[in-house]
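J.: could you look at this predicted model? Sequence included:
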Amino acid sequence: MNSFIKSRKNILLSFRTAWQGMKMVLVQEPSFKYMLLLAAITIGAMFYFPTSRTEKAVLLAMIFSVLILELINSAMERFLDFLQPAEDIRVKKIKDLLASIVLLVSLGAAIIGFLVFLPYIFRLDF
């Protein structure tokens, strides 16, 4: 088998594996679904309001940052549960720290969202 076909099969397998992970997180992680909903609302608002290209880029960067960190948080929590199935205060502290990372970046994303969208919202005529 030539290397092009083999690498193409490896790429397709990689995408299939990644999609399986995405399906798993969508089914098993409620917080990820809420974040996706907020991301969709934000993207809708980005195109409803006359946001600049820079504003769109910053908003998308924050959306992907939150989603990626939530995925990392979920993966690390599962890994920790695998390593230490029994309850352990040390594992709980690590999980709490991981959750605080997601919380902090989510708060930052919300602040950036308000900074971007509030001027457009206040300009609306009701």
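T.: Yes, it's here.

J.: low-confidence ranges, the protein, go.
T.: Residue ranges of the chain with pLDDT under 70: 1-5, 125-126.

J.: in the biggest helix by length in the chain, what counts as buried?
T.: In the chain, assigned by DSSP state H, the helix with the most residues is helix 89-123. Neighbour-count burial for helix 89-123 flags 91, 98, 102, 105, 106, 109, 112, 113, 116, 117 (criterion: 16 or more other CB atoms under 10 Å). Just so you know, the C-beta spots here come from the backbone N, C-alpha and C atoms, and that holds for glycine as well.

J.: just give the nearest non-adjacent residue to the most centrally placed residue in the chain, would you?
T.: A centroid search over the chain (CA atoms, centre = their mean) returns residue 67, at 0.4 Å, as the residue closest to the centre. In this structure, residue 67 finds its nearest non-sequential neighbour in residue 35, 5.9 Å apart by CB to CB, 6 or more residues apart in numbering.

J.: so where does that neighbour fall, helix or strand?
T.: Residue 35 belongs to helix 30-48 when assigned by DSSP states H and E.

J.: so which elements touch that helix?
T.: On a contact count with 3 or more CB pairs under 8 Å, 6 or more residues apart in numbering; DSSP states H and E, helix 30-48 meets helix 3-28, helix 53-83, helix 89-123.

J.: residue 40: which of these is closest?
T.: When the helices and strands packed on helix 30-48 are compared by CB to CB, helix 53-83 sits nearest residue 40, at 9.4 Å.
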